[in-house]
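sequence and predicted structure below; questions after.
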Amino acid sequence: MWNILLALAWGALNEPLTASNLIVGFVLGYAVLYLAQPVIGPSRYFTKVRQVIGLVLFFLWELILANLRVAMDVITPHYDMTPAVIAIPLDAQSDAEITLLANMITLTPGTLSLDVSSDRKTLYIHALYAKDCDAVRRNIKNGFEKRLLEVLR
Amino acid sequence: MTFEGLGLLSWTVILVTTMLSVGAVLAFTRLVRGPSLPDRVVALDLIATLLMGIIAAYSVAAGQPVFLDVAIVLALIAFLGTVAFARYLEKGTLR
Amino acid sequence: MTAAILSIFVLALSAPYLHRLAGKRSGWVLASLPLVWTLYFAVCSVPIASGESLSASHAWIPTLGINFSFLLDGLSLVFALIICGIGVLVVVYSGGYMAGHPLQGRFYAFLLMFMGSMLGLVLADNAVTLFIFWELTSVSSYLLIGFNNDRKEARAAALQALLVTGLGGLPLLAAFLMLGQLTGSLELSSWMTQAQAVRASPLYLPIVILVLLGAFTKSAQVPFHFWLPNAMEAPTPVSAYLHAATMVKAGVYLIARLSPLLGGTEAWVYVISAVGAATMLLGAYLAYQHTDLKRILAYSTVSMLGTLTLLLGVGTHLAVQAAVVLLLAHALYKGALFLVAGSVEHETGTRDITRMGGLKRSMPVTAAAAGVAALSMAGLPPVLGFVGKEVYLEALWRIPAATVLLAVAVVTAMLTLAVAGAAGVRPFIGEAASTAHPPHETPPSFWLGPIVLAGLGLILGVFPALVESSLLSPACAAILGRPLEVHLSLWHGFSPVVGLSAVSIAGGALLYATHARLRGFMSRTDFMFRWGPARCYELSLEALDRLARVITRRLQSGYLRVYLLTIVATTVILAGYTIISRVSWAGAFSGPGVHPHEAVLAGLIVAAAVAAVFSKSRLGAVATLGVVGYGVALIYVLFGAPDLAMTQVMVETLTVILFVLMFYHLPRFGAFTPRPARARDILVSLMAGALVTGLLLAATRRPLVPRLSPFFADKSLAYGHGRNIVNVILVDFRGLDTLGEITVLSVAAMGVYALLKLRMPKENSK
Amino acid sequence: MISLILRTATRFLMILMLLFSLFLLMRGHNAPGGGFVGGLVAAAAFALYTIAYDPAATRRALRIDPRAFIGVGLLVAALSGQLSLAAGRPFMTGLWATLSLSGQERVDVGTPMLFDVGVYLVVLGVTLTILLSMSEE
Amino acid sequence: MNLYLILPILIPLMTAILLFLTWRWRRVQRGLGVAGAAALFVAGLGLLTSVQENGIQAAQMGNWPAPFGITLVADLFSAIMVALVGLIGLAVAVYSVASIDTSREAFGYYAFFHILLMGVCGAFLTGDIFNLYVWFEVMLIASFVLLALGGERAQLEGAIKYVTLNLVSSALFLTAVGILYGVAGTLNMADLALNLHRTAQPGMVTTLAILFFVAFGIKAAVFPLFFWLPASYHTPPVAVSAIFAGLLTKVGIYAMIRVFTLLFIQEPEYTHRLILLVAGLTMIAGVLGALAQTDFRRALAFQHISHVGYMMMGLGLYTGLALAGSVFYIIHHVIVKTNLFLITGVTQRLKGSFDLRKLGGLYRAHPGVALLFFIPAFSLAGVPPLSGFFAKLALIKAGLDAKEYAIVATALGVGLLTLLVMARIWAEAFWKPAPVTSTSSAEEVDGAAASEPGGLRTLLAPIILLAVLTVIVGLVAEPVFALATRAAQQLMNPTEYIQAVLGGRS
Amino acid sequence: MHILMPFVIGALYAAGIYLLMRRSIVKLILGLAILGNAANLLIFTAGRLTRAHPPLVPSGATQPIGTFADPVPQALILTAIVIGFGVLAFALVLVHRANQMVGSDDLDTMKSTDT
Amino acid sequence: MNQTLSAALMIVGATFMLLAAVGIVRMPDLFTRMQTTTKAATLGIGCMLTSAAIYFGTLQVAARALAVIVLVFLTAPVAAHMIARAAYFIGVPLWKGTIRDDLQGQYDLRTRVLEGTGALKFSPPSTEERDKSGPNAK
Ligand code: NA
Ligand code: NA
């Protein structure tokens, strides 16, 4: 929060207000806050920021990978896939957690969230490459869900 | 204002808009062929997204960021359309 | 004069109330006003006789040249006296005849309305005013013929009279307006001064034909004679007044009135004489053939109207004299006979002359009146009818090479004599016939009319000089358009005409004697009349109805797609013809080049539209509609309209959502139109599309010089305080459009709400 | 059962859309947008809510009958035009005032903008009335 | 600026807004409904007086000079039409109080009614071709809702046709406006009148004329474009039929007269002759349709078409007298046709049916009602000295002056057939004895009459007013006809109009 | 595009009109919707297509710079779109209610008011 | 530099979106089609908007681009989920190559309640029920 305000302040100081200026402001603000940490006391902020960045990078990487793999399948003449609808038990609990997780699953490799069971305990997904269903489950539980819950909790 | 004044981007934009238009045609064939209604809805949704892409490319070509607002509106409303379609598809099975 | 007409109309309006006030004596009370006017007109005869004419004029609709102008000359005076005088008697008679009828007040109102209209007709000097009264007589006659409205026959007869006279009225109006166009005025008196010019005009013949159509229908000339006998459905006082004495003579009046203007040409003479002669003979023949008292009188009226027409057509001095005398005589005797017929029917309950007899014993006064009137009708001395007949035969005799006319006249005279006997004498003599209830002499209100009328006929027959200079001469002068001295007498001395007269009387007596037998024989000629004009009337009405039904079913078929097809085809044909014959497309095909994505976009939009057309799935079609909409939005983006694109995207998606909301549960498309129809529809649609394409190409082939946008660009920020010119136009420059637009939206929403939420209670929804 | 995912997303999106709609309305005089599109976006927000929940929930959330928006919107639009009549100028003549915000920044405020607010309200009311009564079928 | 120009739009608008906001209170709805109509009538008369005294009036909306902003213009023709809207609005509003059921009232009947009046007045007053389109749509949507309000089966079926065909007309109108803008670059009608011929190739102007002719022809219900009218006019409540009959087609005719006297006068030997031809065919088709009907309101609806032909005839002849005839005919027809439809409601209330075969006996039982029918019916048939006669007279005179004998003959012949139709209705509904009906249906009728709001007296009041006007317009035709003549002179001489709108700019 | 647009618009008109003439009420409404789009596009094209700036006054300027698209047709179309939307919504509901009332989506069954 | 990056991103984005379009045509069933479109189109639009943001280089544009990206990333999966759900209700068939369907029989078609695996019952295959339920199926 402070960081954003700082970034905006920076931007406001540097006419014209451009994106690069803001990014610079963000980075500088981060640095200032990091340096000031001993003064204003430790905060979860820095780990959180690192985790969020990590999640976003991981997500983007997965997104690109997913697309490349699907792209191959799309442009090659034969289908090289073994789709399946798989039930995945959920650890995520709040609405936001479930929704974010479902969304991320949809946007990543070969998986698509179909629905959440009414008792919010199971997520049904459609997976394109599901020769090994348990591997798919494991990937999701250990990849996305873990990182997401880390960030959110 | 024409594409010609944009240097590197000029042929890029023409290429990109053409690619996206071709994409829209492909999506349209799916929309026409179906076979199920959800297929058509997905196709329409994709066409809306492709449209957003064209608008983005065109706003670069035209040097007019105001067109991006159209893309925002499109993003908002196309989603609503898709969801409405889906919602009433399933509701239709209730009776 | 204006006062006379207006006061009678006022009386008509107040008649129902006066009737309620006066009760049984209402007839006498209401007759007092016409009596006053009768006396007034009688007094007027003094200046008229001295060659003057009285006129009055009030501007009415000067913009159209319509004035409330009246002219009292010899001709109109005769008519005015007949109208008011007989009117008095008929109103009095109605007091008795209609006594106890629940709608007697209304009856008076209609009768007086007719009286005022008729008076207006004969007094009017402005053609349109004349026409207005002409039509008013038709309307009041309609109401009076249909007075016994519970009877289907009465309603049919009323309609028939209205239509036939209306059929003539409209051409008459056209003729009047054409005369107005020729002469630059609608005043009859000013027309007369331009008679030469009118006769020389190429419009002369059409005008004559149109005028005569009006006159012939009104005066029941062949072939329009059939409505008059049917009009006998009216209460008898009406028959006496309208269909004997006054209204049917309006056509005769018209011919007489316009004679100085239009008369004298060959067309005029031949057409009128021929029609008059035919009517005269046919009327007499049919009268002879019938047994219903009122019908007999009606047909004989037709015959007399024919005679009058013939005489006016011939138009010689003597003929005109004869016409005027016969006009007067006929009004007197036929009015009397009709009233007598009413009395007889009132007493015996029948109108069939074969079931009457010996009434002179029970109804002596009535019988006397009937006898005198019949004498006049028969053309026997010493009554006015005889005087008239003599002049008339002489008039025909004097025309060279009119042997046929003369023969027809003599035969008609014979038949008329026989009919007069059968109708006016036979019921009163001989054995008393058995009737439903025994007949008694009627009260004075009944017999006053016949006695006065018949008596007048007698007096004038003996002393024609009473009216020679005061009435007849001015009337003839008006018809001929120049002064004329009339001298009448019962006896002219021996001449060939007396011989003719004698022959006709002898023949008539023979026909009277053999009436019963001949009638039976003649009724076998009915088949000839089965295909007569009456039948034509019926057939043409039927045909009209059938035509109406067929055409209407064809046009208003109920199929919306046929309506649309018609409208689109009309547009394509009209606009297509216009554009192809008038517009050039040169230069339309030059312009900036096409970018590849634009070409793809164009193709996509067209493909989506085509897909929507041929989609078998409803929601699939809706989705393709979405593609069209998005494509259009993209065009708006590509050509600098972000506001439009935004709105288009929003609206298009919302539209799709609305479609989904309303249609998701409907079944799949079914019910296809047959293939040829589809091919036709495709063809028409493509032509419409081609029309639009052509329009656009032609419209945009030259650059548009912007007239408005520089102003908006200039003022938008400075005075509109906005940078988005489109928005400034919407909320400021053209804010009224937007106000209307949001009104449309509001109403649409409220309407949607009402349509979906308002469910009418059961009993209201049928 | 209506989708949990949709409901969660809706809560977020709806606020976003309502904000965006106000944004469109306010800057419509100077950039693409305006009362009409703004009103449509606001209505779309409630439409999304209706889909995620149900019409009754939307009516509860609105608290006011959407038809009242129409009436009020029309009233605002009509009155904004009539203000100039009171000033003796033709109907719908713009009356403007300049508000000074924090020294330099100046904002022009005028009756045409008020008119646009009327349009916004009408469009919101209209679209909601139509959508709600249709989805209640 | 002349306030009278905007009041006929603002009064109904504000009335409707207040009605929208007070939909809960029935009394308020009725009171406002009538009061607003009365105010509109007063404003209409004020406008008419103002135009009579000061010549053509124009007002620039938003104070933007013509041709850039939207101009409201009232020449005599417009002012007459607006005054008629006020008159008919008031009459039908009063009638509605006594005849419209509470459900329709609660769902905004009066508001829609006033929006309809607003749209019609707007169409009569605007000097801008696109703004005309907007007012057309305002009027149309209000009429759509009024037509369908209640949702009975016949209403819905009729409404589908009405809506579709009118939307096609709107689409065509919009198309024509688009093309017009494409060739002339302006929308103000006075400006168009000045520039259209300069900027466009002449053939294009004529083609545009045809497009407008068809678009307005659908609204005006001319042959062969009239189908929506007989399909729908007889389906809604009587008050709605009446206001439709009085005003809707008039707007189409008004627009037609406006554009064909102001914009499209370059090739009258083609365009106006076409109008004349269509006018004749319209007369015939309409009256034949009326002959084929057994339903009171449907017969009137078809007849309406026939009379549209007469109103078009004046434009087709395109002379001063002819246009005066058309204007007079419009005045006459607005009053009379509205009244006839109102009367069908009375006979329906009394006898429980619109079917002529089931009606009857009214002549004896209700002489007052019979008289009230007789006057407008025979006026419609052109019987003198009622208003319809002078209307026809002027047209026929103009036709003869122009030597257009075919149309004169048609007009006269159709006049006779009209007389036949009206006389038949008269004989069926009034003269004929009442057919024997089962007691149950009679009770039903009584019950319905009792349950419906308002008394017969309120129902008859507007009818009497209009009947008296019919007689007055006939007997005292001169002032009215003089007015129509002056209106026609203004129409025949567009310079005055252009001058009033553009001021010194032309 | 300039040369293509008249043909695209013609095709849209043709499609819209053809759909109007079908028996299904749904197609009827679809036709109306397409026709509305076509008319708007026609106005747009008749006002001349320009690959140009939107009619906006950039900040710092008092007038649009360079060539800009004619704002008048845009404003007209905006009005027409909105009106079309309202009218179409009403028509949709009307058709829906008629379908409910008549129990069919076939227009040929809805001719009781004409014959 | 910015221009080059912008152009590259734009082409990449367009390529992804084109792929999505090819995918929706080529993939054998609804679900596999959604797999391609959701991901590729989302990524593609993200690239293109980033490209625009870089090209213009102003905060305004960046904010707009970001807004669209966030919106799309949030809405596309939700939309996919809604469609998938609807497809299951109306019985859109899975590709014949699909090896497993845990969802089969888990939906209660009346109440719309979806059973989780915890309550997983081995109900009889309900393909028939599904085929009947949707009027628009295929
Ligand atoms: Na008339
Ligand atoms: Na007529």
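Done, it's in. As the structure is a computational prediction, the values presented were derived from the model and not from experiment. Ligands and ions are numbered 1, 2, ... in the order given.

which residues does C:Asp211 contact?
Actually, residue C:211 is Val rather than Asp. C:Val211 makes contact with C:Pro171, C:Leu172, C:Ala175, C:Leu254, C:Ile255, C:Leu258, C:Leu262, according to CB atoms under 8 Å, 6 or more residues apart in numbering or on different chains. Where you see a C-beta, it was placed from the backbone N, CA and C, and this is true even at glycine.

wait, what's in contact with the fourth one?
This points to C:Leu254. Residues near C:Leu254 by CB under 8 Å, 6+ apart: C:Leu172, C:Val211, C:Gly214, C:Ala215, C:Lys218.

which residue is the nearest non-sequential neighbour of the first one?
This means C:Leu172. Excluding the flanking residues, the one nearest C:Leu172 by CB to CB, 6 or more residues apart in numbering or on different chains is C:Gly214, at 3.0 Å.

what's the pLDDT at that neighbour?
You'll see C:Gly214 listed with a pLDDT of 95.

go on, the one 4 residues further on?
At C:Lys218, the pLDDT value in this model is 94.

then G:Pro93?
Here, the pLDDT recorded for G:Pro93 equals 82.

would you agree D:Val107 falls within a helix?
No: going by DSSP: H, G, I helix; E, B strand; the rest coil, the assignment for D:Val107 is strand, not a helix.

related to what we said a few turns ago, quick one: which of the contacts of C:Val211 is most hemmed in?
When neighbours are counted by other CB atoms under 10 Å in any protein chain shown, C:Ile255 leads the contacts of C:Val211 with 29 neighbours.

where does that residue sit: helix, strand or coil?
Secondary structure assignment for C:Ile255 (three-state DSSP): helix.

what residues are up against it?
C:Val211, C:Leu212, C:Ala215, C:Ile272, C:Thr309, C:Leu312, C:Gly313.

so for the longest helix belonging to chain F, what gets flagged as buried?
In chain F, with assignment by DSSP state H, the single longest helix is helix F:71-102. Buried residues in helix F:71-102, counted by 16 or more other CB atoms under 10 Å in any protein chain shown: F:71-99, F:101-102.

neighbours around the residue of chain F found nearest ligand 1, how many?
Of all residues in chain F, the one sitting closest to ligand 1 is F:Asp114 (24.4 Å; CB to the ion). Look at F:Asp114: counted by other CB under 10 Å, it has 22 neighbours.

excluding its backbone neighbours, what's nearest it?
Of all residues not flanking F:Asp114 in the chain, C:Gly558 sits nearest, at 3.5 Å (CB to CB, 6+ apart).

tell me the secondary structure at the one you found.
Classification of C:Gly558 by three-state DSSP places it in coil.

and if you look at C:Phe224?
Under three-state DSSP, the three-state class of C:Phe224 is coil.

how about it, what does it touch?
C:Val164, C:Leu167, C:Gly168, C:Phe216, C:Thr217, C:Pro533.

these into a markdown table, with extra columns for distance to D:Ala52, secondary structure and neighbour count?
Listed next are those as a markdown table, based on distance: CB to CB, whole Å; DSSP: H, G, I helix; E, B strand; the rest coil; neighbours: other CB atoms under 10 Å in any protein chain shown:
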| residue | distance to D:Ala52 | secondary structure | neighbour count |
| --- | --- | --- | --- |
| C:Val164 | 76 | helix | 24 |
| C:Leu167 | 74 | helix | 19 |
| C:Gly168 | 78 | helix | 27 |
| C:Phe216 | 84 | helix | 26 |
| C:Thr217 | 79 | helix | 26 |
| C:Pro533 | 81 | helix | 16 |
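
thanks again, I'm all set now.
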